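A.B. asks: with the input below, show me the fold.
(one chain, ligands or ions: 2)
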Amino acid sequence: MCAARDDGSEAGAQIVEVLAPVAVDAAYSYLAPPAMRLQPGDSVIAPLGKREAYGVVWSVEPAPGPRGNLKSISQRLDRPPLAEKLRNFIDWLARYTLTPRGMALRLATRAAEDAGPETARTLYRATGKPPARPTPTRARMLEAAEGGVAYPKKALAEAAACSTGVIDALVDEGALETVSAPPEPVQRPLDPCFATPALEAAQQAAADALAEALASRAFKPFLLEGVTGSGKTEVYFEAIARALQAGGQALVLMPEIALTTQFLERFAARFGEKPAEWHSGVTARKRARIWRGCATGDARVVVGARSALFLPFRDLRLIVVDEEHDGAYKQDDGVSYHARDMAVARARFEEATIVLASATPSIESRVNAMRGRYKHLRLDSRARARLMPTLEAIDMRAEGPPRGRWIAPRLALAIGEAIARQEQALLFLNRRGYAPLTLCRVCGHRFRCENCDAWLVEHRFRRALMCHHCGHVERRPDVCPECGAEDALAACGPGVERLAEEAATLFPDARILTLSSDFPGGAERLRRELEEIAKGAFDIVIGTQLVAKGHNFPHLTLVGVVDADLGLGSGDPRAAERTFQLLNQVTGRAGRGDKPGRALIQTFQPGHPVIAALLSGDAEKFYAQEIAIRERAGLPPFGRLAALIVSAKDAGVAEAHARALARAAHELQPSARYRVAPPGAFATEGEIALFGPAEAPLALIRGRYRFRLLAKGPRGADMQAFLRDMLATGPKERGGVRVQVDVDPQNFS
Ligand SMILES: Nc1ncnc2c1ncn2[C@@H]1O[C@H](COP(=O)(O)OP(=O)(O)OP(=O)(O)O)[C@@H](O)[C@H]1O
Ligand SMILES: [Zn+2]
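C.D. replies: Ligands and ions are numbered 1, 2, ... in the order given. All right, here's what the predicted structure looks like:
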């Protein structure tokens, strides 16, 4: 019983700080009646401004005395609490990325907001009573429902090959009855010993090291580096098995989750059932159930895209970041974060083991391994005594194809031979569409996007010109809009669609497939096509980096890299690293089955260090060179970077704002946490240098002009404190100006 005091509060009442998943950093205080007995992590509904909003209790204190000015919590939701480890991670992430805490919370709670109460499923069962009006369809349906078992509606309709309307009619007539059943489990039980492979010696050694780490129940980071096809997946499957045996949970992050049917099946073959799958293609309802399942422990292994990092696991023992070097782990819209780095942080908060797996690790992870921060596990040869593919360069200056064509004679010959042996060839070109540029041969007019500083890419099968930055689409005209010339528009350069055209001319009888995310049918279609490739249904596969990622195509023996130089000339400090990773990955698709593989690499610069390292297979030398360059320049991981993109509809407004921010930065007083180098001067030891503002390489996107500031500092500087102080003393975002903070930027567009 609680007595109301005369100040309005009750004995045992609490003051709680509630964080709402909105763009605000602060938690708000509320009064909670004693009966609610709130704990940190509980979900509540509370008045926020004029509305009632969802929030999470961040801290709780007993209410001391009169608190008439505080609003009260309206309701406590029946939802598993967010664990302290996760709340600490959210706080840390918000500070690290300079994101309002509410937005960081939102990453973790968004999926749960769709969670309605668990509803029972309705199943259908035959009653034995004949239908009033028998028809062949009805007879088929009752036959399918025979045996006294209750079935879901959809399954029954599929089994009887008729519409669900038939079921409703039969229920009305009493021939079928409905039965209520508990909802399907989020995940069926996984069996860690379902099918254990015989690991090879190097695999076993790596698996043992992971098992030892898991047993310690402490934060233990690993870099699992193994050449393509070396069996890294089998190794981390062993670690997952250990986590399961210990009663814990595991999370596997993948860069391209919508395309991983093969992976899910492999997982099911190893553990008896599929893992819970988490990505934007999963329905909101299903995601809400997985969210809950993570909190209750019913979901044991989740395989997901980067947002899975924020799931409320009850007992997370292991995180795997597969293809850890992949650029897709960087999220740039909304909260900017790198999922690989955040995964390491989450593992630290959870005191879990983390495995970063790759054939071509990022420079950052390589350096961390060299310095002993990560334990380095290596698999230096392919599993099952398979050989690495042989690599050869085709020097396009000496033996290139005729003008207007992109497949050199030697590559064409190799494709022909592969087809004759009934093997598959893969042509890789990292460019979507038909042609990257369209121009008028008469007046030179070039088609550019009206919102962005970019050429329009021709997509012939859509008969359209498209901007790959903002999605703007226009019809490809018949006459030049500038000079009116007819039939004068020329497509310049190749995209995958154009390459497919050339391949069809060279090999008219071959079964050719172009894999592209642009075609209708979305991820579902891509999944199907990837399965068909694996079965050998095509002779030539043409694709962008989509085809490079982790696939096992047993019939594929030849890989042709159509333009290895693409991406090398971009001036981006990570261009060399990225090209090396991508080309290694794509050539690594060759020869994974019984037959040896070969890769031909078309290039205009066979002597370029990246191409040379790729051809020689000397990854060590490449890493040594790249690491030395980074170290000399003080680039990550030897120094720290942060970018600010200031954008506005008006270029002058954006630039003025960026200049004012830079001025504010230079006026900051030196402190123990950071010192800023004077404008224009070289940064001396320990100082943060601020470069810019400069027009961003992509100066206009979606109608907004963009200016960049880049801060570069030593490892020891408190970059976040510097950024926070600069933003606090500089001008506020107003008049349509937006300032986007990107700590540890990955690209420089
Ligand atoms: N110990 C083993 N015994 C038999 N087959 C194995 C073993 N380890 C791996 N394999 C097989 O070798 C092939 C390559 O293995 P896996 O896909 O795990 O390599 P990976 O290193 O993850 O490759 P990538 O980085 O190229 O994606 C697969 O078909 C896998 O089933
Ligand atoms: Zn555009």
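A.B. asks: near ligand 1, which residues of the stretch 501-650 of the chain?
C.D. replies: The interface of the stretch 501-650 of the chain toward ligand 1, taken as Cβ under 6 Å from any ligand atom, is made up of G550, N552, G588. No exception for glycine: its C-beta is placed from N, CA and C like everyone else's.
A.B. asks: of the residues you listed - the most surrounded one?
C.D. replies: Sorting those by how many neighbours each has (other Cβ atoms under 10 Å) puts G588 first, at 24 neighbours.
A.B. asks: please name the nearest non-neighbouring residue to that residue.
C.D. replies: T228 (2.6 Å; Cβ to Cβ, 6 or more residues apart in numbering).
A.B. asks: from ligand 2, how far off is that neighbour?
C.D. replies: 35 Å (Cβ to the ion, to the nearest Å).
A.B. asks: of the residues of the stretch 501-650 of the chain next to ligand 1, which is the nearest to A32?
C.D. replies: Nearest to A32 among those is G550, at 48.6 Å by Cβ to Cβ.
A.B. asks: which residues does the closest residue to G686 other than its chain neighbours contact?
C.D. replies: Nearest residue to G686 in three dimensions, chain neighbours excluded: P714, at 5.6 Å (Cβ to Cβ, 6+ apart). Counting by Cβ atoms under 8 Å, 6 or more residues apart in numbering, P714 touches G634, G639, R640, E685, G686, E687, I688.
A.B. asks: with A239 instead?
C.D. replies: Contacts of A239 by Cβ under 8 Å, 6+ apart are A207, L210, A211, L214, A250, L318, V320, T353, V355.
A.B. asks: distance of A145 from F267?
C.D. replies: 33 Å (Cβ to Cβ, to the nearest Å).
A.B. asks: quick check: buried residues in stretch 685-702?
C.D. replies: E687, I688, A689, L690, G692, P693, E695, A696, L698, A699, L700, I701 (16 or more other Cβ atoms under 10 Å).
A.B. asks: and the third one, that's in a helix?
C.D. replies: Pointing back at A689 there. No - using DSSP: H, G, I helix; E, B strand; the rest coil, the assignment for A689 is strand, not a helix.
A.B. asks: residues contacting it?
C.D. replies: V676, A677, F682, A683, A711, K712, G713.
A.B. asks: which element is G680 on?
C.D. replies: Using DSSP states H and E, G680 sits in no helix or strand.
A.B. asks: what number of residues lie near it?
C.D. replies: Neighbours of G680 using other Cβ under 10 Å come to 6.
A.B. asks: does V301 touch A250 like I think?
C.D. replies: Yes - using Cβ atoms under 8 Å, V301 is in contact with A250, at 4.8 Å.
A.B. asks: so what sits against both of the two?
C.D. replies: Common contacts of V301 and A250 (Cβ under 8 Å, 6+ apart): I240, L244.
A.B. asks: so which of these two has more stuff around it?
C.D. replies: A250 (28 against 22).
A.B. asks: got a pLDDT number for the more buried one?
C.D. replies: Looking at A250, its pLDDT is 98.
A.B. asks: quick one: low-confidence ranges for the chain?
C.D. replies: Within the chain, the segments meeting pLDDT under 70 span 1-11, 65-68, 114-119, 570-571, 749.
A.B. asks: can you list the domain ranges for it.
C.D. replies: Domains of the chain are assigned by automatic domain parsing as 14-114, 121-181, 201-383, 390-431+495-629, 433-493, 639-743.
A.B. asks: looking at those domains, which is buried most?
C.D. replies: domain 201-383 (a mean of 21; mean count of other Cβ atoms under 10 Å).
A.B. asks: please see if it touches ligand 1.
C.D. replies: Yes - Domain 201-383 is in contact with ligand 1 by Cβ under 6 Å from any ligand atom, via Q203, G226, T228, G229, S230, G231, K232, T233, E234, A359, A383.
A.B. asks: got the contact list for the nearest residue to the fifth one once chain neighbours are set aside?
C.D. replies: What sits nearest to S230 in space, not counting adjacent residues and going by Cβ to Cβ, 6+ apart, is L379, at 3.7 Å. Counting by Cβ under 8 Å, 6+ apart, L379 makes contact with A202, Q203, A206, L224, E225, G226, V227, S230, G231, K232, V235.
A.B. asks: please name the bridge partners of A357.
C.D. replies: L224, D322 (DSSP bridges).
A.B. asks: go ahead and confirm it touches L224.
C.D. replies: Yes - taking Cβ under 8 Å as the definition, A357 is a contact partner of L224 at 4.3 Å.
A.B. asks: anything in contact with each of these two?
C.D. replies: With Cβ under 8 Å, 6+ apart as the test, A357 and L224 both reach K232, Y236.
A.B. asks: can you map out the strands along the stretch 301-450 of the chain?
C.D. replies: Along the stretch 301-450 of the chain, the segments classed as strands by DSSP state E, counting those that start in this stretch run 301-304, 316-322, 330-331, 337-338, 353-358, 375-379, 390-395, 424-428, 437-440.
A.B. asks: the stretch 351-500 of the chain against ligand 1: which residues are in contact?
C.D. replies: A359, A383, R384.
A.B. asks: now, which of those sits nearest T729?
C.D. replies: Of those, the one sitting nearest to T729 (Cβ to Cβ) turns out to be A359, at 45.7 Å.
A.B. asks: OK, contacts around that closest one?
C.D. replies: E225, G226, V227, T228, S230, K232, N584, Q585, G588 are the contacts of A359 under Cβ under 8 Å, 6+ apart.
A.B. asks: got it, and G102?
C.D. replies: So G102 contacts L19, A20, P21, V22, A23, V24, D25 (Cβ under 8 Å, 6+ apart).
A.B. asks: follow-up on the earlier one: look up which residues are beta-bridged to the residue nearest to S230.
C.D. replies: Listed by DSSP bridges, the beta-bridge partners for L379 are G226.
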